[in-house]
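> Here's my sequence, what's the structure:
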Amino acid sequence: MAFSFFLVFESDAEHDDAARLAKRWHKVVCVAAKSLGWSLENLGDLARVLRLPGTLNHFNGTAEEVRVLESDFDRRYNPDDFEQYLAAGTGFRRNEIRSMTRESFDLDANPPTITVEAAYSKHRRRDVQPIRRDLADLLRPWLAWKKPGRPVIETSIWNWDDSSRMIQADLKVAEVPFKDDRNRFADFHSLRHTYITNIGRLPVSLKTHQELARHSQPGLTMRYTHTQLEDKVRALEALPAVNTMVGASERGVA
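Numbers count the residues shown, from 1 in each chain. Predicted coordinates:
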């Protein structure tokens with residue numbers, strides 16, 4: 001992984017925070033790798049990470065040649081790429097995410113929550129939003145190196161253009177067009193649309209749907225909920241068989 005800028009540690013404490021972050025991130029990667037049947041070495045050991053292609057790795061008593069499996073020198077990452085996870089996993093608006101500090105997150109609560117203060121909420125109300133536990137686990141190592149009282153997204157080094165380029169680069173790799181045939185754009189705000197649409201596909205009440213979207217009116221929530229043909233087919237398939245409905249109608253059952 002390569003970052004889009006150099007990380008500069010201004011104190012030993014920041015260096016130690018980065019070391020702890022690297023260890024925790026390694027654990028996250030190992031869990032994901034294990035689900036695919038892979039076994040990883042210690043990715044935090046620079047002597048191993050920086051092995052040159054063509055040299056030999058004697059791990060486990062074998063001598064295997066080090067090879068580059070895949071590379072893309074045009075892709076560079078930013079520690080605040082987690083902004084996308086926050087948007088897609090919570091439906092938060094961009095300015096709301098930018099207002100968050102480490103104190104906004106209570107990842108050990110039951111359920112885990114993220115708070116947006118009233119001054120930054122679109123409807124000027126303090127929102128305490130529950131989140132999924134897997135999102136909390138993903139955010140925990142990233143949040144550990146953030147300074148108390150400081151924004152978790154540093155706007156001085158991360159701006160709208162960076163976010164737009166990041167999303168478009170990810171879409172290119174996933175072979176998803178930035179604009180579809182209906183002239184809709186897969187921009188940052190579309191992550192909020194995706195979050196609200198995914199909730200709408202679940203068997204939840206409209207009230208729950210509206211509250212998770214944090215809308216003042218249910219009609220606005222419906223505007224953010226996009227249905228596709230497969231959603232309509234799924235709803236039709238859930239109806240009782242036609243012959244049973246006809247029989248009920250003949251018996252005068254509404």
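
> any idea which residue sits dead centre in this protein?
Within the chain, one residue has its C-alpha closest to the average C-alpha position: by CA atoms, centre = their mean, that is Tyr85, at 1.9 Å.

> Now do the phi/psi pair for it.
Backbone dihedrals for Tyr85, given as degrees, to the nearest 10, come out at phi -60, psi -40.

> so what's it up against?
Counting by CB atoms under 8 Å, 6 or more residues apart in numbering, Tyr85 makes contact with 135, 138-139. For the C-beta atoms, the positions are set from N, CA and C on the backbone; glycine is no exception.

> looking at those, which has the most residues close by?
Using other CB atoms under 10 Å as the neighbour definition, the contacts of Tyr85 reach their maximum at Leu139, which records 20 neighbours.

> The strand or helix carrying that one - contacts with which helices or strands?
Secondary structure assigned from DSSP states H and E places Leu139 in helix 133-144. In terms of contacts (3 or more CB pairs under 8 Å, 6 or more residues apart in numbering; DSSP states H and E), helix 133-144 is packed against helix 12-35, helix 82-90.

> can you give me how far it is from the chain middle?
10 Å (CA atoms, centre = their mean, to the nearest Å).

> Buried ones in it, by neighbour count?
135-136, 138-139, 141-143 (16 or more other CB atoms under 10 Å).

> Kindly report the same for stretch 100-111.
100-101, 104-105, 107.

> follow-up on the earlier one: mean pLDDT and distance to Ala238 added to the helices and strands packed on helix 133-144, as CSV?
CSV is the format used below for the helices and strands packed on helix 133-144 (pLDDT from 0 to 100; distance: least, CB to CB, whole Å):
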stretch, mean pLDDT, distance to Ala238
helix 12-35, 73, 31
helix 82-90, 79, 27
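
> Highest mean neighbour count out of those?
helix 82-90 (a mean of 20; mean count of other CB atoms under 10 Å).

> which stretches of this structure form strands?
Residue ranges of the strands in the chain, as given by DSSP state E, are 56-57, 64-65, 105-106, 113-116, 127-130.

> deepest of those, which one?
Taking mean count of other CB under 10 Å as the contact definition, the stretch among the strands of the chain with the greatest mean neighbour count is strand 113-116, which reaches a mean of 20.

> Now do that one: everything it contacts.
Among residues not part of strand 113-116, those counted as contacts by CB under 8 Å, 6+ apart are 86, 90, 92, 96, 99-100, 104-106, 126-131.

> so can I have JSON lines of the buried residues of stretch 100-111 showing pLDDT and distance to Thr227?
Listed next are these as JSON lines, based on pLDDT from 0 to 100; distance: CB to CB, whole Å:
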{"residue": "Met100", "pLDDT": "93", "distance to Thr227": "31"}
{"residue": "Thr101", "pLDDT": "94", "distance to Thr227": "37"}
{"residue": "Ser104", "pLDDT": "96", "distance to Thr227": "33"}
{"residue": "Phe105", "pLDDT": "96", "distance to Thr227": "33"}
{"residue": "Leu107", "pLDDT": "94", "distance to Thr227": "33"}
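
> Around Lys207, how many other residues sit close by?
In terms of burial, Lys207 registers 10 neighbours under the definition other CB under 10 Å.

> before we move on, what about Asn198?
Applying the criterion other CB under 10 Å, we find 12 residues in the vicinity of Asn198.

> Which pLDDT value goes with it?
The confidence metric pLDDT takes the value 91 at Asn198.

> likewise the one 10 residues further on?
You'll see Thr208 listed with a pLDDT of 93.

> Val176 too?
As predicted, Val176 sits at a pLDDT of 82.

> What of Arg48?
Turning to Arg48, the model gives it a pLDDT of 60.

> One more: Arg184?
The predicted structure scores Arg184 at 80 on the pLDDT scale.

> who's in contact with it?
Counting by CB under 8 Å, 6+ apart, Arg184 touches Ser190.

> what about 10 Å?
Residues counted as contacts of Arg184 (CB atoms under 10 Å, 6 or more residues apart in numbering) are 177-178, 190, 193, 226.
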